[in-house]
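J.: Just a sequence and a predicted model for now, questions to come.
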Amino acid sequence: MKIFLRNACAVLLFLAVAGCASTTPEAPRADPLPSWNGGESRTRIVDFVAEVTREGGANYVAPAERIAVFDNDGTLWTEQPLYFQALFAFDRVKAMAPDHPEWSNQEPYASILRGDLKSALAGGDKALVELLMTSHAGMTSTDFDDIVTDWIASARHPATDRHYNEMIYQPMLELLDYLRANGFKTFIVSGGGIEFMRPWAPEAYGIPPEQIVGSSVKTKYEVIDGVPTIMRLPEVNFIDDKEGKPVGIQHHIGQRPIMAVGNSDGDFQMLEWTTAGDGARLGVIIHHNDADREWAYDRGSHIGGLERGLDEAGQRGWLLVNMKNDWNRIYPE
């Protein structure tokens with residue numbers, strides 16, 4: 001009888017404790033996307049992530065296949081009034097000018113030294129490529145890494161006076177973290193230089209160097225004074241833009257992403273290729289329409305032009321993120 005009573009009391013005590021535990025409210029979970037306002041954009045992103053991570057669901061995607069790719073310029077950080085890498089090149093020309101007195105009468109260098117950037121770019125792609133080759137090549141990869149690292153730590157944007165890596169988008173940082181917390185692997189796929197991004201992007205975005213895809217110059221292995229080096233040559237190796245983006249993804253990643261995010265027609269083929277695959281897919285375009293907090297531009301813009309993507313996003317099922325209405329914050333504080 002005593003044993004029975006003891007066991008009965010133990011059972012009652014367990015049920016009482018279990019009952020108390022079950023009625024204790026859970027602590028509220030932190031919002032993973034606090035800089036995104038409620039609405040279609042946030043809802044579609046959250047629903048997509050839930051859909052591909054729900055085990056047993058019709059559109060479940062194994063973690064190894066949860067690949068999300070992001071353009072950089074205009075998608076992860078600002079790109080106005082010029083691509084930041086072009087502004088880096090201009091600063092490099094100014095730093096190199098004392099060793100090149102002939103530049104005072106030679107374009108596009110003369111215009112850069114006068115501060116006339118519009119004239120410097122009047123020569124189009126040919127002038128820009130020449131400028132990039134001059135300022136980005138003829139040195140080791142290690143030296144270039146050091147130069148970029150020093151520049152990103154000291155240079156400031158001409159309009160905002162912020163350091164360039166302070167002009168990354170807070171909502172996109174949250175999105176990157178949110179995806180990674182749900183088993184995604186995040187990649188940068190940019191028309192910018194791969195070795196220009198690698199020195200600072202890991203700290204800025206949490207994306208390691210091996211997950212950065214970009215344009216590149218040709219390189220050569222040399223042993224200089226007994227030291228093995230990789231020399232950067234003044235020749236274009238690969239342009240990771242437009243049709244080049246799917247090629248770059250296949251070359252570096254080796255599988256089709258399930259999510260792609262861009263902001264311009266330079267990203268169109270990347271979104272097209274990503275969303276053409278089977279199963280759940282999400283293409284996202286960041287639409288710059290906030291002249292008060294950033295810049296407003298799309299059709300006819302000299303930087304980040306968006307025409308075809310704007311026209312076809314709806315029929316292709318791509319999400320058009322309205323920066324002005326969907327984001328309650330632009331930059332980190």
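T.: Cool, got the structure.
J.: Please give the element, helix or strand, for the nearest residue to residue 290 once chain neighbours are set aside.
T.: Closest residue in space to residue 290, ignoring its immediate chain neighbours: residue 324 at 4.1 Å, by CB to CB, 6 or more residues apart in numbering. Using the backbone N, CA and C atoms, a C-beta is placed for each residue, glycine as well. For residue 324, the host element (DSSP states H and E) is helix 323-326.
J.: Which residue lies closest in space to the residue nearest the centre of the chain, excluding its sequence neighbours?
T.: Taking CA atoms, centre = their mean, the centroid of the chain lies closest to residue 72, which sits 3.6 Å from it. Leaving aside its chain neighbours, residue 72 sits nearest to residue 190 (3.8 Å; criterion: CB to CB, 6+ apart).
J.: Report the contact partners of residue 321.
T.: By CB atoms under 8 Å, 6 or more residues apart in numbering, the contact list for residue 321 reads 41, 284, 285, 286, 287, 327.
J.: Filter these down to the ones in helices?
T.: residue 41 (DSSP state H).
J.: and residue 280, helix, strand or coil?
T.: Following DSSP: H, G, I helix; E, B strand; the rest coil, residue 280 is assigned to coil.
J.: ok, residue 42 touching residue 325?
T.: No: at 10.9 Å, residue 42 does not count as touching residue 325 under the criterion of CB atoms under 8 Å.
J.: Of the two, which one has the most company?
T.: Neighbour count, other CB atoms under 10 Å: between residue 42 and residue 325, residue 42 has more, with 18 against 14.
J.: any idea of the pLDDT on that one?
T.: According to the prediction, residue 42 has pLDDT 98.
J.: any idea how far residue 81 is from it?
T.: 30 Å (CB to CB, to the nearest Å).
J.: what's near enough to touch the residue nearest to the centre of the chain?
T.: Taking CB under 8 Å, 6+ apart, one finds 188, 190, 192, 197, 201, 214 in contact with residue 72.
J.: Can you tell me which of these end up in strands?
T.: 188, 190, 192, 214 (DSSP state E).
J.: Pipe these into a markdown table and attach neighbour count, distance to residue 108 and pLDDT per row.
T.: Listed next are those as a markdown table, based on neighbours: other CB atoms under 10 Å; distance: CB to CB, whole Å; pLDDT from 0 to 100:
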| residue | neighbour count | distance to residue 108 | pLDDT |
| --- | --- | --- | --- |
| 188 | 24 | 28 | 98 |
| 190 | 31 | 23 | 98 |
| 192 | 23 | 19 | 96 |
| 214 | 25 | 23 | 98 |
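J.: Max pairwise distance over those residues: which two?
T.: Pairwise distances across those (CB to CB) peak at 8.5 Å, for the pair 188 and 192.
J.: which neighbours do the two share?
T.: Contacts common to residue 188 and residue 192, judged by CB under 8 Å, 6+ apart, are 72, 214.
J.: pretty sure residue 233 is touching residue 219, no?
T.: Yes: Residue 233 is within contact range of residue 219, at 6.3 Å (criterion: CB under 8 Å).
J.: didn't residue 104 look like it was pressed against residue 110?
T.: Yes: contact criterion CB under 8 Å: residue 104 and residue 110 qualify, at 5.9 Å.
J.: Return the alpha-carbon coordinates of stretch 174-187 using CSV.
T.: Presented in CSV, the C-alpha positions along stretch 174-187 are these (Å, rounded to 0.1, in the frame of the first residue of the first chain):
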residue,chain,number,x,y,z
GLU,A,174,19.6,40.8,-42.5
LEU,A,175,18.5,38.8,-45.5
LEU,A,176,21.9,37.2,-45.9
ASP,A,177,21.9,36.2,-42.2
TYR,A,178,18.4,35.0,-42.4
LEU,A,179,19.2,32.7,-45.3
ARG,A,180,22.3,31.3,-43.7
ALA,A,181,20.4,30.6,-40.5
ASN,A,182,18.1,28.5,-42.6
GLY,A,183,20.8,26.4,-44.2
PHE,A,184,21.5,28.5,-47.3
LYS,A,185,25.0,29.1,-48.7
THR,A,186,25.3,32.7,-50.0
PHE,A,187,27.4,33.8,-52.9
